[in-house]
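Undergrad: Below: sequence and its predicted model.
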Amino acid sequence: MAKLTLTTFVSLDGVMQAPGGPEEDTSGGFGYGGWVVPFADDGMVAFAHEVFDRAGAFLLGRRTYDIFSAYWPQVTDPEDPIASRLNTLTKHVVSTTLNDPAWENTTVVPGDVPAEVARLKERTAEGELQIHGSGTLARSLLAHDLIDEINLLLHPVYLGSGRRLFPDGGRPTAFELTDHRTTGSGIAIHTYRLDGRARFGTFEDGV
């Protein structure tokens with residue numbers, strides 16, 4: 001069974017909306033699109049290459065799929081470590097309106113998404129089943145304990161508004177930190193493994 005991983009950019013206050021450009025996602029009046037760009041550096045790119053090198057298939061929300069499909073098919077260099085995988089590996093996109101995807105090797109995930117994703121994990125024989133961005137999808141699958149590992153690229157910027165990866169009202173969940181590094185521009189990259197329900201306690205007097 002494949003490991004389902006999530007890789008996403010977040011701000012210091014947990015915002016993941018529209019990291020790559022001003023017009024990427026302005027829903028809710030969000031006006032800070034492109035906040036990742038000033039911090040993009042060789043360390044971030046190197047980590048992205050490592051992640052994509054482990055991919056066996058991709059699972060994407062509709063908005064992220066549309067953004068990717070508008071760009072990556074045009075990158076035809078077979079040596080590009082990201083394009084070569086996105087353009088050749090299977091892409092499963094969660095959508096109720098996408099009927100005839102033009103991007104090669106795309107399938108649409110229908111019906112009961114958590115159940116379908118559980119089956120996709122079983123059927124992905126090699127590599128990771130990877131989510132990139134796709135906030136609505138990620139939040140839904142986190143609520144069903146279906147994401148096994150999260151790569152958070154925490155950027156040194158506070159935005160004050162925007163959609164967050166972990167919204168209020170989510171189920172308290174514990175994670176184990178399995179890897180970390182910091183890039184030259186100050187991006188803190190943390191890898192967490194799902195570790196069951198959150199645990200609580202009390203500090204004894206004198207601790």
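TA: Perfect, I can see it now. Since we're looking at a predicted model, the values are computed, not measured.

Undergrad: Which elements pack onto the helix or strand hosting Phe58?
TA: Counting by DSSP states H and E, the element that carries Phe58 is strand 55-61. For strand 55-61, the packing partners by 3 or more CB pairs under 8 Å, 6 or more residues apart in numbering; DSSP states H and E come out as strand 91-94, helix 113-123, strand 128-132, helix 135-143. Heads up, the C-betas are built off the backbone N, CA and C, glycines and all.

Undergrad: residues contacting Asp42?
TA: Residues in contact with Asp42 (CB atoms under 8 Å, 6 or more residues apart in numbering) are 183-184.

Undergrad: just Leu6 next, same as before
TA: 130-132, 138, 141-142, 147, 149-151.

Undergrad: at 6 Å what do you get?
TA: Neighbour list for Leu6: 131, 138, 147, 150 [criterion: CB atoms under 6 Å, 6 or more residues apart in numbering].

Undergrad: cool, Leu98 as well?
TA: So Leu98 contacts Val108 (CB under 6 Å, 6+ apart).

Undergrad: ok, now how distant is it from Asp145?
TA: Leu98 is 26 Å from Asp145, where distance means CB to CB, to the nearest Å.

Undergrad: likewise Pro172?
TA: Distance from Pro172 to Asp145, by CB to CB: 12 Å.

Undergrad: More neighbours: the two, which one.
TA: Using other CB atoms under 10 Å, the more surrounded residue of Pro172 and Asp145 is Asp145, with 13 against 8.

Undergrad: count of neighbours near the spatially closest residue to that one that is not a sequence neighbour?
TA: Counting by CB to CB, 6 or more residues apart in numbering, Asp145 lies nearest to Leu194, which is 6.6 Å off, once chain neighbours are set aside. Here the number of neighbours of Leu194 (other CB under 10 Å) works out to 16.

Undergrad: What helix or strand is Leu194 located in?
TA: Applying DSSP H and E, one finds Leu194 within strand 188-197.

Undergrad: can you pull out the strands in the protein?
TA: In the chain, the strands defined using DSSP state E lie at 4-10, 55-61, 91-94, 106-109, 128-132, 149-154, 173-182, 188-197.

Undergrad: and these, which is most packed in?
TA: Comparing these by mean neighbour count (mean count of other CB atoms under 10 Å), strand 128-132 ranks first with a mean of 25.
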